[in-house]
Structures are given as C-alpha cells and as structure tokens.
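In: Pasting the sequence and the predicted coordinates here, then a few questions.
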Amino acid sequence: MRKRIKRIAPVQLGKLLAVVYALFSIIIVPFMLIVTLATPKGNGPGWIFILIMPVLYIVMGFIGGIISAFIYNFSAKFVGGIEIEFEE
C-alpha cells in the first residue's frame, strides 16, 4: 500500500527537529569541551561558546524545521510529495 505525504505541519516539524538537535548537542558538546579544555589555550572564551551551543542548536533546529516544512509543502504542490510504501 502506497501513501503520499502531501503536507507537513511546520511547527510540529520545528519541535521535532529542536528535540533531535538538542539530543545531538548533548552527545557532541562533552567531546568538544574536552578537546577545547585540553588545548594549550583551552581557558579562553571557546568553552563558553560550547556551553551556549546546545541552546543555539535547539533554536536553529526549530527555525530550520519550520522553514523546511514550508519549502516541502510548497514543493509538494508541484511534484506530489513523498511516497511511502506500507506493508500490512
């Protein structure tokens, strides 16, 4: 059975990508912090940016999700959307 995604709710996709980016930053930030603090100039302002990065990821994920949904919805009007095949 084939189904087609005709429209994506922009705010819902924004929320989803905000959570995905937040989880991604939780995984990446500790490694970046270790590397930054291990360098000779690791006591500079770089570690402050790394601590702010998760918030930036969440905001950018939300905004990017909304923009992506609008672009998808606009494009799907012309090409018909993404087809997904389900098995019963």
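Out: Received, thanks. A quick note: this is a predicted structure, and the numbers were derived from the prediction, not measured.

In: ok, residue 60 touching residue 20?
Out: No. Counting by C-beta atoms under 8 Å, residue 60 stays clear of residue 20, with 11.4 Å between them. Backbone N, C-alpha and C define where each C-beta goes, glycine included.

In: ok, how many other residues are close to residue 50?
Out: Neighbour count of residue 50, defined by other C-beta atoms under 10 Å: 20.

In: swap in residue 83?
Out: Residue 83, neighbours per other C-beta under 10 Å, totals 9.

In: Just list whatever residues bridge to it.
Out: residue 4 (DSSP bridges).

In: mind listing what it touches?
Out: 2-4 (C-beta atoms under 8 Å, 6 or more residues apart in numbering).

In: which helix in the chain runs the most residues?
Out: Ordering each helix of the chain by length in residues (DSSP state H) puts helix 46-79 first.

In: helices or strands up against that one?
Out: Here helix 46-79 touches helix 10-38, going by 3 or more C-beta pairs under 8 Å, 6 or more residues apart in numbering; DSSP states H and E.

In: Do I have it right that residue 33 meets residue 52?
Out: No. Using C-beta under 8 Å, residue 33 is not in contact with residue 52, being 11.8 Å away.

In: Those two: which has the busier surroundings?
Out: It is residue 33, of residue 33 and residue 52, that has more neighbours when counted by other C-beta under 10 Å, with 16 against 11.

In: Skipping its backbone neighbours, what lies nearest that one in space?
Out: Spatial nearest neighbour of residue 33, chain neighbours left out: residue 50 (5.3 Å); criterion: C-beta to C-beta, 6 or more residues apart in numbering.

In: residues touching the one you found, list them.
Out: By C-beta under 8 Å, 6+ apart, the contact set of residue 50 is 29, 32-33, 36.
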